[in-house]
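J.: make a model of this:
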Amino acid sequence: MATGVAGVAGAGAAAAAGFGLFGYNRENFLYDSELRFERFNAGREFAIGQQEQFRADIKALSALTAKKNGIYAVVATLDMALCVALYCAGRLGLHGPAPPGWIMCLWLTNNAASFGFMAVAIMLATHAMLRSQAAATHLLTRKIRVPVPTLKQLNQARKFASEFEQQSWGDIFRVPYLSNNGAPKTDDKLGKSRARSASPAPRASRKASSWIREEFDTDHAGAVTATNVNNLPADVAPEHFRLYGQCQKEWVQYDVYARIAIFMGFMCYIQSLAYYGLGHINIELKAFWVAIATPLVIEVLHVLLLRFDIITARQRQRERLPHCQWCGPAAVVCAAIGMALDFRVKFDMTAIVVTWVFIFAAFILQLIYALRLLEIVLPDNVIGQYKAKEQIGDSWWPTDWNIPSTFAHVLYIVAPPTRLQPGQFDIVREVKEGAGPDPFADAGEPRGGGPSALPKDAGAQVQYLDSVFDWALSEQVFGSLSEESQQSVKEEFAAYSGAKRAGNESEAPKVFQSCIQNMESMIAFEGMEGGPPAAGYNSDSGGSGGMSSGSEDEEAQDYNWEGRQVTSKTEPKTASSTAKGMEPWRMVSSIQAVLCGAWVFLLMAMIVDVFCGDQAFVTGPHWSKPPMTRMSLPKHELGTPFGFPWYAGAKPFIPEQMSWHEEKREAMADVITGGRRLASIPTLVDHTSHLKSALHGLLDMIPSEAASAAAHALSVSWPGFFEPRLLACGPHGVAALTSRGVGAMLAPTPGHQQAQTFRLGGLGHLPPLLAASWQPSGASDDLLVVTHAGDLAACPGPRPPAGGIWACGSAAGAARLPVTDGSRLLAAAATWLRSHTGEPQLHVAFIDKAVPDLVALFALIGAGEGEAASWMPLGEVRVPDDHKASLAFMGDGELLITTAAGAVLRRRLRDGAIMADSTHSFGGSHSSLQWLGACGLHDAPEGSLAHLRLHRGEGSQVWRPEIMAAGLDALEAAGPLFQ
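T.: As a prediction, the model looks like this:
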């Protein structure tokens, strides 16, 4: 009984203990599961944050390249504009003789080189700027992605409470304190005494709980299964730096040589400016001392720039011309001395010899200087080797970059690092490949894990490298590689074969390890995502955001980063094009090499000039024969031929002189005849048509013999202080009046007569008079006058006796012509004419200054009928020419228009018919003659006119009036034309 009770009690105690242990371990499982999921999320958050930092690194690196190359392009463009200014606006020889040919060689050749260097700099800078931005965009959108976990990874990190039932019985009923507590040992000392790739040391206690072991195994394996881990050192730089470093090789030379091309262009431009100063100041400004001082000041800048950009302390191997860059400033000094001697006052043969010595010294120094610059622009792997040290704030680049170290401190390159610095960690890599000990404890050791890790023994390494080289040297793969990668494969294969033949157990593994790493770098550079067989993990994973799910069934499928399935991992996938353009260092060095050849050519040309003379092979601008293809100068700029010291006509002319005088006679000598002066039939040329028409016009104005015989100047004794401006013809004679109303009356008779004077009264309040006229019909003696402002006044008849005053007042019906206030008339006429009803009607004609080419015609209607009178327009007539015009009414309603140029036009008002269209020979306006106006004579033959003009004798200042009458057969000649 007691035994049974004890058994039941023991069973109950055991059951209670079992239930207690089950509940205790289950609580631990649930607690650890929750912490596991939180730890998974925290690790991904840290990885995402660091990946964002890595993406910012890519943006900063590409922005540096883009900004500085943008500045390079702007600076190069400005320098090209300066070069064009020296070529065009600043060219010499515009205001005087051209400078010597040797100084123009130095000036223009350097200017052309500067233009070429700057054009190359713009192309290189533009390529580097755009290529870096394109590469950064490619990496950011395809490679350097945020490691967002997939749903499958989240499911693997999550644990269900029911999974506790799947654990081992020992973990379910673990007794605390008496058995293993379930936590693994984390003593760092255990990992420091072994290699990175070695297996962990055995633990002193039993294994931890199954769920804890699973979590730690997942951490060490990473998001990518251990069979796909790259065999890279533990302290290798993060993946984005490695990828950017491979891409940077494509544009770093363009970046570097854009800066070097700008340096070369500025050096050539500064020298060109110094040589230009020598020519400009000596030729144009004629200043002796300034011509020496100015280039020397410019050369100080040249020396400072050479000293700033070129690092002379970093000597490279195989340099032939060290320190010869100082020959450039020395060449300008020699040229300055040569120009000073070349323009000395007195001729001296010794001075000429010394001048040529300095000229040749300048060209030789220029050649040495150009060769030295060619030497320093070559990259280190061409002329020598210089290994840059990686220091904070200093320029550093990999040794395989084609960069000249002489410009190290002005290249402004930031190359990505190759190793992690102490205190830096790559959690993104740990998430992908698994966590491990401190990467700096075993720096340089490859990270192990799985069959594809780097083999530990030489045999495994040889087996691995054999497969890699068989793949790389296959016809399909090797043919798709670039020349640089093909050379790298050959070198690595040679090193591998040599180490394998040597059989050195201590050195061979190191060589094999180096070959493996270099081949993997080559594969990454060529963009072969599949890689060789068993090449290990590639950065392009099929998981979300660059993360792989890690399942074996997905690994069996081979996906690239775009998600497209490929046929085989061993099939190479290269870049779209492996063809490489011309390397930048070759572009810059080509221009410099051509410049060196130009100096050699010019040196030989100077030797020819010593014997033949400067500009001996150029046609002189004033010689008889022009260049072969065109006339060098217009005819009037050509002088007599050189080489004939005697005066013209001192000796018989030779054929060359006769030809010259025939071909190079004065310009415009053929204007009149249009060809040879003695040609029987002159040929007219187009550019003489205006001159001929003007000459014909002048000839037409000279009166012919018939006109001279029919033209008479009336013999009149004029009163003193009388210079008439107005002329009026009426039935009782001809009246000449001044603009203030002083008049003289005379009869159109051939004999001598005394002018009868009179004065117009009542016009003192009006402006000066412009025109006067009598009624053409002769029915009345009323005189109508018009002022310059358009006022109309009437002086009723009869006319006063000699010396009397003729009272005047406003005209009946209208006191003003139809013009606006402020108008000014050039010519006018007014008269009473009979309308179609037979009633007299006032008609006016005038030329307004605002419209000087039209004659306006108006008639006054409504006068005398009790209605307000108003002006009615009758029409307009165009003035024959643009000279001074005169208006008058004559006959039975005809308008007479005459001009100083000789035009005579008569139009009938009734129907506009042209009654006369001719010319007169009494016009003119020059220093001794002024034509003033004309009017039609009464009781005279048809078309008889009287002309009023003023003339003065030669050397006299007194103007005398005269009235010319034409068409009076009864009149005899009363003297010469100008009496």
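J.: when you work out contacts or count neighbours from here on, use the C-alpha atoms and nothing else.
T.: Fine.
J.: am I right that Trp832 sits in a strand?
T.: Yes. Assessed by DSSP: H, G, I helix; E, B strand; the rest coil, Trp832 belongs to a strand.
J.: check contacts around it.
T.: Trp832 makes contacts with Gln775, Pro840, Gln841, Leu842, His843, as judged by CA atoms under 8 Å, 6 or more residues apart in numbering.
J.: go again using 10 Å as the cut-off
T.: Counting by CA atoms under 10 Å, 6 or more residues apart in numbering, Trp832 touches 773-777, 780, 782, 784, 839-844, 859-860, 889, 893.
J.: mind giving me the packing neighbours of the strand or helix carrying Ala136?
T.: Per DSSP states H and E: Ala136 is located in helix 101-138. Where contact means 3 or more CA pairs under 10 Å, 6 or more residues apart in numbering; DSSP states H and E, helix 101-138 is packed against helix 2-87, helix 239-248, helix 252-280, helix 327-342, helix 349-377, helix 584-612.
J.: Asn518 and Leu727, how far apart?
T.: Using CA to CA, to the nearest Å, we find Asn518 at a distance of 116 Å from Leu727.
J.: the two: which has the busier surroundings?
T.: More crowded of Asn518 and Leu727, by other CA atoms under 10 Å: Leu727, with 27 against 15.
J.: right, and the helices and strands packed on helix 101-138 - which one's nearest Pro416?
T.: helix 239-248 (5.4 Å; CA to CA).
J.: so Ile847 belongs to a helix, correct?
T.: No. Looking at Ile847 with three-state DSSP, it is strand, so not inside a helix.
J.: check the gap between it and Ile897 for me.
T.: Following CA to CA, the distance that separates Ile847 from Ile897 is 11 Å.
J.: again, but for Ser474
T.: Distance from Ser474 to Ile897, by CA to CA: 108 Å.
J.: more neighbours: the two, which one.
T.: Remark: of Ser474 and Ile897, Ile897 carries more neighbours, 25 against 10, as counted by other CA under 10 Å.
J.: correct me, but the more buried one touches Ile914?
T.: No. Applying CA atoms under 10 Å, one finds Ile897 not in contact with Ile914, separated by 11.4 Å.
J.: intersection of neighbour lists for these two?
T.: In contact with both Ile897 and Ile914: Leu905, Arg906, Arg907, using CA under 10 Å, 6+ apart.
J.: for the strand or helix carrying Leu792, packing partners?
T.: When elements are defined using DSSP H and E, Leu792 is found to belong to strand 792-795. Counting contacts by 3+ CA pairs under 10 Å, 6+ apart, strand 792-795 is packed against strand 769-774, strand 783-787, strand 805-807, strand 809-810, strand 825-834.
J.: pLDDT of the fourth one, averaged?
T.: Strand 809-810 shows an average pLDDT of 86 in the prediction.
J.: what does the second one give?
T.: Averaged across strand 783-787, the pLDDT comes to 92.
J.: who does that strand pair up with?
T.: strand 769-774 (antiparallel), strand 792-795 (antiparallel) (DSSP bridges).
J.: and if you look at the shortest one?
T.: Strands adjacent to strand 809-810 in the sheet, as given by DSSP bridges, are strand 792-795 (antiparallel).
J.: so for the strand it pairs with, mean pLDDT?
T.: pLDDT averaged over strand 792-795 gives 91.
J.: would you mark the buried spots in that strand?
T.: Using 16 or more other CA atoms under 10 Å as the test for burial, strand 792-795 gives Leu792, Ala793, Ala794, Cys795.
J.: mind saving the C-alpha coords of it as CSV?
T.: C-alpha atoms of strand 792-795 as CSV (Å, rounded to 0.1, in the frame of the first residue of the first chain):
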residue,chain,number,x,y,z
LEU,A,792,-4.3,136.2,-97.9
ALA,A,793,-4.5,140.0,-98.5
ALA,A,794,-5.8,142.1,-101.4
CYS,A,795,-4.5,145.5,-102.6
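J.: can you tell me what sits against that strand?
T.: By CA under 10 Å, 6+ apart, strand 792-795 touches 760-763, 766, 769, 771-774, 781-787, 806-812, 814-817, 829-830, 844.
J.: mark which of the contacts of Trp832 are buried, thanks.
T.: 773-777, 782, 784, 841-844, 859-860, 889, 893.
J.: and the residues you listed, which is closest to Phe493?
T.: Distances from Phe493 to the buried ones among the contacts of Trp832, taken by CA to CA, are shortest for Val844, at 116.9 Å.
J.: what lines up beside the helix or strand where that closest one lies in the sheet?
T.: Assigned by DSSP H and E, Val844 belongs to strand 840-848. Here strand 840-848 has these sheet partners by DSSP bridges: strand 825-834 (antiparallel), strand 854-861 (antiparallel).
J.: next SSE downstream of the last one?
T.: It stands for strand 854-861. Moving toward the C-terminus from strand 854-861, the next element (DSSP H and E) is strand 870-878.
J.: check what pLDDT Gly479 gets.
T.: 80.
J.: rewinding a little: which of the helices and strands packed on helix 101-138 is buried the deepest?
T.: helix 252-280 (a mean of 25; mean count of other CA atoms under 10 Å).
J.: show me what the following helix or strand past it is packed against.
T.: Downstream of helix 252-280, the next assigned helix or strand under DSSP H and E is helix 288-309. The helices and strands touching helix 288-309, judged by 3+ CA pairs under 10 Å, 6+ apart, are helix 252-280, helix 327-342.
J.: orientation of helix 288-309 relative to helix 327-342 in degrees?
T.: 170 degrees (axes from the mean of the first three to the mean of the last three CA atoms, to 10 degrees).
J.: now helix 288-309 against helix 252-280, angle please.
T.: Going by the same axes, to 10 degrees, helix 288-309 makes 170 degrees with helix 252-280.
J.: for helix 288-309, buried residues please.
T.: Quick answer for helix 288-309 (16+ other CA under 10 Å): Ala291, Ile292, Thr294, Pro295, Leu296, Ile298, Glu299, His302, Val303, Leu306, Asp309.
J.: spatially nearest residue to the fourth one (excluding sequence neighbours)?
T.: Right, the one you point to is Pro295. Ala274 (4.6 Å; CA to CA, 6 or more residues apart in numbering).
J.: quick check: the one you found touching Gly328?
T.: No. Contact criterion CA under 10 Å: Ala274 and Gly328 do not qualify, at 11.2 Å.
J.: which neighbours do these two share?
T.: Cys268, Glu299, His302.
J.: relative to Thr919, which of the residues you listed is nearest.
T.: Using CA to CA, the shared contacts of Ala274 and Gly328 come closest to Thr919 at Cys268, 74.0 Å.
J.: ranking the strands paired with strand 840-848 by burial, who's on top?
T.: strand 825-834 (a mean of 23).
J.: tabulate the CA atom coordinates of that one in CSV.
T.: Provided in CSV are the C-alpha atoms of strand 825-834 (Å, rounded to 0.1, in the frame of the first residue of the first chain):
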residue,chain,number,x,y,z
LEU,A,825,4.3,127.5,-97.2
LEU,A,826,7.1,127.0,-99.7
ALA,A,827,5.2,128.6,-102.7
ALA,A,828,1.8,130.0,-103.4
ALA,A,829,-0.4,131.8,-106.0
ALA,A,830,-3.9,133.3,-105.8
THR,A,831,-6.2,134.8,-108.5
TRP,A,832,-9.8,135.4,-109.5
LEU,A,833,-11.0,133.1,-112.3
ARG,A,834,-14.5,132.7,-113.8
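J.: rewinding a little: in JSON lines: the shared contacts of Ala274 and Gly328, plus pLDDT.
T.: Listed next are these as JSON lines, based on pLDDT from 0 to 100:
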{"residue": "Cys268", "pLDDT": "95"}
{"residue": "Glu299", "pLDDT": "92"}
{"residue": "His302", "pLDDT": "91"}
